[in-house]
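Asks: Predicted coordinates and the sequence they were generated for:
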Amino acid sequence: MVVILRMVASKPSQELSALLRKATDLHGHFGPFLTLGVRMGLLGLRELKAKKGDTELHVTAMLEYTLPFSCMLDGIQTTTRCTIGNQRLTWRESKEFRIKFQLKNNGREVEVRVNPAIVQELQRKLENTQPTDEIVRQLALEVGSRSEKELFSISHR
């Protein structure tokens, strides 16, 4: 796993490395949609200037609840500590892939959307091959190394 994390970024922060390991441990494997979820969670926290585990943070995930898309939920849970169990993570069915992060104490909100072209590209790559563990890991590395601007759009409300 250490080799993978070094490839994601030239010098990943200790926080990112730890989160990817924790997310992989929770989820069971290192994949592209898990990586999207981790990156979205980090982005939402950063944009709201919130901390992991903040009890005022609530997340609404809008995505298709089918594999591999639902894998994003485990990345978000690991990154934010908002879970379905603690009732700070809500899931809604959607053809779009967007996550709303909200601080309940001050009403600040940010929405992170995955670029639809990225979802289509990943979907095509996963469907057009017999996705071995190595192929899935390589796609996760691609997602980990792409710029935020290429992967996501952000809106503040």
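Replies: Structure received.
Asks: Which residue is the nearest non-sequential neighbour of the residue nearest to the spatial centre of the chain?
Replies: Nearest to the mean C-alpha position of the chain, by Cα atoms, centre = their mean, lies residue 37 at 0.9 Å. Once flanking residues are discounted, residue 37 sits nearest to residue 75: 2.2 Å by Cβ to Cβ, 6 or more residues apart in numbering. C-beta coordinates here come from the backbone N, C-alpha and C atoms, glycine included.
Asks: swap in residue 136?
Replies: Residue 136 sits nearest to residue 31 (Cβ to Cβ, 6+ apart), 4.8 Å away.
Asks: Next, the buried residues of the longest helix along the chain.
Replies: For the chain, the helix with the greatest residue count under DSSP state H is helix 32-48. Going by neighbour count (16 or more other Cβ atoms under 10 Å), the buried part of helix 32-48 is 32-45, 47-48.
Asks: quick one: the residue nearest to residue 136 and residue 138 touch, right?
Replies: No. In this structure, residue 31 is not within contact of residue 138 by Cβ atoms under 8 Å, at 10.2 Å.
Asks: and these two? which has more neighbours close in?
Replies: residue 31 (28 against 16; other Cβ atoms under 10 Å).
Asks: Please list all residues in contact with that one.
Replies: 68, 71, 136-137, 139-140 (Cβ atoms under 8 Å, 6 or more residues apart in numbering).
Asks: Return the subset of the residues you listed lying in helices.
Replies: Those of those lying in helices (DSSP H): 71, 136-137, 139-140.
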